[in-house]
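Participant: Pasting the sequence and the predicted coordinates here, then a few questions.
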Amino acid sequence: MGNAQSLIEDGTVTLTEAICCRDDIMIYLMKQGLPPNSAFKIMETVRKGKALKDPEKWKEYTELMKEHNVPDWYIKSCEKIKYMFPKAHAAAYVTNAFRIAWFKVHEPKAYYAAFFSIRASDEFDSEIMTFGEEKVKNKMKEIDLQGNNATQKDKAMYPVLELVLEMYERGIKFLPIDLYKSSSTKFIVEEEGIRPPLNSIAGLGTVAAVGIENARKDGKFMSIDDMKIRSKVGDSVADLLKKFGCLDGMSQSNQLSLFG
């Protein structure tokens, strides 16, 4: 913006001629006849945004470029650059984007499970997002109505809500959070849908979720108290699990009542 964009818009250069990544600088300067070592040093200076931070050195580089018929617009463009990554880096972004797009089209459950696990773990709230699209739409409307007054948390949640809604509209659903089937932190792909992790319950942290996952490896919990002791979690975590139906059918303690 204000550099290659402006040069292309006013017809000074085409996209092919503009500086688009750091490799372009060295290759272009070598084609103009500059020694490879000088071309490399200029590229390194420019790509780090240091062209104008050492005026004497830059003056030396500028004179060298002018001697080899490098146009003024090119030199000024170099001076405006703050940072540039290499072409291989740009290519990696593009090929990765194609991979992600392929999964979104052909393996949607894997795509959504991976996205929610990796990119949306902090913004995902099972209470809002796993009970159907109407609840998702209502939350989106609520955030829209708040406008700029919406909290930072809600603003960060909005794009995740959009993706959850898209998932529902493609016919994919969330499965209930399960004390034994849900992972502590990862969304799991199953035949019937995607199973959210334990830590997607707002207020149930990752440490508690991992504690539950590790404890259940030693066998089923005999009671809620047994789950709390083995998982090293408190009453608040147990209450959250109850709210989501994860402890249905489980007694409070191992003790039998004489009057039950």
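Facilitator: Received, thanks. Remember, predicted model here, so these are calculated numbers, not experimental data. Residues are numbered from 1 along each chain as shown.
Participant: Below-threshold pLDDT in the stretch 1-150 of the chain: ranges please.
Facilitator: Scanning the stretch 1-150 of the chain for pLDDT under 70 picks out nothing.
Participant: Can you list the residue ranges for helices in it?
Facilitator: 4-9, 22-31, 36-47, 55-67, 72-80, 87-106, 108-118, 126-129, 133-146 (DSSP state H, counting those that start in this stretch).
Participant: which helices and strands sit right next to the fifth one?
Facilitator: It refers to helix 72-80. If you count contacts as 3 or more C-beta pairs under 8 Å, 6 or more residues apart in numbering; DSSP states H and E, helix 72-80 packs onto helix 4-9, helix 55-67. No exception for glycine: its C-beta is placed from N, CA and C like everyone else's.
Participant: Give me the contacts around it.
Facilitator: 2-4, 7, 12-13, 18-19, 25, 28, 42, 46, 51-52, 58, 62, 65-66 (C-beta atoms under 8 Å, 6 or more residues apart in numbering).
Participant: hang on, the earlier thing: would you format the helices and strands packed on helix 72-80 as JSON lines with mean neighbour count included?
Facilitator: Listed next are these as JSON lines, based on neighbours: other C-beta atoms under 10 Å:
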{"stretch": "helix 4-9", "mean neighbour count": "14"}
{"stretch": "helix 55-67", "mean neighbour count": "14"}
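Participant: for those, which one sits closest to residue 81?
Facilitator: Checking those against residue 81 by C-beta to C-beta gives helix 4-9 as the closest, at 9.2 Å.
Participant: name the helices or strands packed onto that closest one?
Facilitator: helix 72-80.
Participant: Please compute how far the helix it packs on lies from its chain's middle.
Facilitator: Centre-to-centre, helix 72-80 and its host chain are 34 Å apart (C-alpha atoms, centre = their mean, to the nearest Å).
Participant: quick one: buried residues of it?
Facilitator: Across helix 72-80, burial judged by 16 or more other C-beta atoms under 10 Å covers 74, 75, 77, 78, 80.
Participant: orientation of it relative to helix 36-47 in degrees?
Facilitator: Here the directions of helix 72-80 and helix 36-47 differ by 60 degrees (axes from the mean of the first three to the mean of the last three C-alpha atoms, to 10 degrees).
Participant: Next, count neighbours for residue 244.
Facilitator: Neighbour count of residue 244, defined by other C-beta atoms under 10 Å: 21.
Participant: Please name the residues that touch it.
Facilitator: 126, 176, 177, 201 are the contacts of residue 244 under C-beta under 8 Å, 6+ apart.
Participant: Out of those, which sit inside helices?
Facilitator: residue 126 (DSSP state H).
Participant: Just among the contacts of residue 244, which is most surrounded?
Facilitator: residue 201 (24 neighbours).
Participant: quick one: contacts for that residue?
Facilitator: Counted by C-beta under 8 Å, 6+ apart, residue 201 has contacts 126, 127, 177, 240, 241, 243, 244.
Participant: Among those residues, which pair sits farthest apart?
Facilitator: 127 and 241 (12.7 Å).
Participant: Tell me which of these two has more neighbours.
Facilitator: The residue with more neighbours, out of residue 127 and residue 241, is residue 241; 25 against 15, by other C-beta under 10 Å.
Participant: Many thanks, I have nothing further to ask.
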